[in-house]
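>>> Model the structure of this input:
(one chain, ligands or ions: 1)
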Amino acid sequence: MASSSLQAFQTPTRTPASTRTPLVSFSSRSPSSRSPNATRSFRHISLIAPIHDPKKLNCFKTKASTSPSMATHKTVEIFDSEEALSISLAKYTAHLSDQQKGSFTVVVSGGSLIKSLRKLAEAPYIDSIDWSKWHMFWVDERVVPKDHPDSNFLLAFDGFLSKVPIPTENIHAINDTLSAEAASDDYEARIRHLIKNGVINVSETTGFPKFDLMLLGMGPDGHVASLFPGHALLEEKNKWVTFIKESPKPPPERITFTFPVINSSANVAMVVAGAGKAHPVHVALGDGQEPEVLPVQLVAPEGQLTWFLDKDAASKL
Ligand SMILES: O=C1O[C@H](COP(=O)(O)O)[C@@H](O)[C@H](O)[C@H]1O
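You can find the predicted model right below:
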């Protein structure tokens, strides 16, 4: 099956290509940045092909750590174009998929991230990936019908899901027939059910669901999922899935995973392209002197965090 039809989802269910190297790649192990002021302790910087004054990379060097109870291993890769970024993202995702013995649980955001997944639907990945073990989830969704232009499901369907043979029953879309509150409760209940069935793992550290891979975008204001700057939902500690009725970015009603779930992931890819996002990238990865606290700074998975940046998004680093 090379594609599924949108109609199949209208009634919600309950239930090495080019190996272009990044221009700049460096990795670190840092304490959890659950505290936005948590400092980073970069152990390793490998400069593959400098695009900036290397002195600027001082901003990635070691600082004293605060409480390293939860360590995030962080890698930042900077590419000369979004095209090169998307090729590397496909390779990374295919590698994680290959490593997974049982189900491969993948969470996507909406927005520009979806376009950057396009290489997965091309050779060699379309034929080499075992799509049958993939289970797809959404980190956030807008409270609109699945065929509405604002739907994150529709975006993913058109840009990715309709082009790859993931079994229809493994595509776990958020219920679009319920209110925001009911849909978030419903999604959490369905995730609990999939944990019982052994599809989704649980973090031994946090007790929250542990997805194998979250592919996340970031808004120009530094929001991730539907977790916006200054909003009380940033502080949510108990719920897995919650809702917002007054999103600063339209549409106003949305459902979103919470930070405890995002940060219990085995792998998170932050995929950011374009000069319009250079400022929040600098806040998140720069010298830590910014007074702002952006939601993206709270992304600190217990597993691996990999930033995929194009050079425009990285231009203020
Ligand atoms: O509203 C949303 O925006 C963010 C960022 O979107 P982008 O187009 O600026 O990349 C997205 O990650 C989120 O899923 C979506 O609901």
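>>> which residues touch P301?
By Cβ atoms under 8 Å, 6 or more residues apart in numbering, the contact set of P301 is 72, 214, 262-268. All C-beta atoms are positioned from the backbone trio N, CA, C, and that covers glycine.
>>> If we check the ligand, which of the residues you listed are in contact?
By Cβ under 6 Å from any ligand atom, no member of the contacts of P301 lies near the ligand.
>>> number of nearby residues for S162?
By other Cβ atoms under 10 Å, the residues close to S162 number 14.
>>> Can you verify my assumption that L113 contacts V224?
No: between L113 and V224 no contact is recorded; they are 10.4 Å apart, counting by Cβ atoms under 8 Å.
>>> Quickly list what's touching both of those two.
Applying Cβ under 8 Å, 6+ apart, one finds that L113 and V224 are jointly contacted by 216-217.
>>> pLDDT below threshold where in this structure?
1-4, 10-21, 26, 28-71 (pLDDT under 70).
>>> Okay, strands next: where are they in it?
24-31, 44-46, 71-79, 104-108, 134-138, 140-142, 201-202, 209-210, 213-216, 241-244, 254-257, 267-272, 304-310 (DSSP state E).
>>> Dump those strands into CSV; add mean neighbour count and distance to Y92 as well.
Below are those laid out as CSV (neighbours: other Cβ atoms under 10 Å; distance: least, Cβ to Cβ, whole Å):
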stretch, mean neighbour count, distance to Y92
strand 24-31, 20, 12
strand 44-46, 12, 16
strand 71-79, 22, 9
strand 104-108, 25, 12
strand 134-138, 22, 15
strand 140-142, 28, 22
strand 201-202, 15, 20
strand 209-210, 22, 18
strand 213-216, 25, 9
strand 241-244, 24, 26
strand 254-257, 32, 21
strand 267-272, 25, 7
strand 304-310, 24, 7
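>>> can you put these in TSV and add distance to L85?
Output for those, formatted as TSV (distance: least, Cβ to Cβ, whole Å):
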stretch	distance to L85
strand 24-31	12
strand 44-46	18
strand 71-79	4
strand 104-108	16
strand 134-138	21
strand 140-142	22
strand 201-202	28
strand 209-210	26
strand 213-216	12
strand 241-244	29
strand 254-257	24
strand 267-272	7
strand 304-310	5
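>>> from the stretch 51-200 of the chain, which residue is nearest to the ligand?
Closest approach between the stretch 51-200 of the chain and the ligand, counting by Cβ to the nearest ligand atom: G111, at 2.3 Å.
>>> residues contacting that residue?
152, 155, 217, 219.
>>> Pull up the gap between it and G222, please.
13 Å (Cβ to Cβ, to the nearest Å).
>>> Is S265 in contact with F208, as I believe?
No: shown here, S265 and F208 do not form a contact pair, counting by Cβ under 8 Å, at 9.3 Å.
>>> and F160, how many neighbours?
F160 has 21 nearby residues by other Cβ under 10 Å.
>>> Who are the contact partners of it?
Here F160 is in contact with 108, 114, 117-118, 120-121 (Cβ under 8 Å, 6+ apart).
>>> Neighbour-wise, which one of those residues leads?
That'd be V108 among the contacts of F160, by other Cβ under 10 Å, with 26 neighbours.
>>> For the closest residue to it other than its chain neighbours, give me its contacts.
Of all residues not flanking V108 in the chain, L215 sits nearest, at 5.0 Å (Cβ to Cβ, 6 or more residues apart in numbering). The contact partners of L215, by Cβ under 8 Å, 6+ apart, come to 89, 93, 106-109, 113, 117, 269, 271.
>>> Right, I'll call it a day here.
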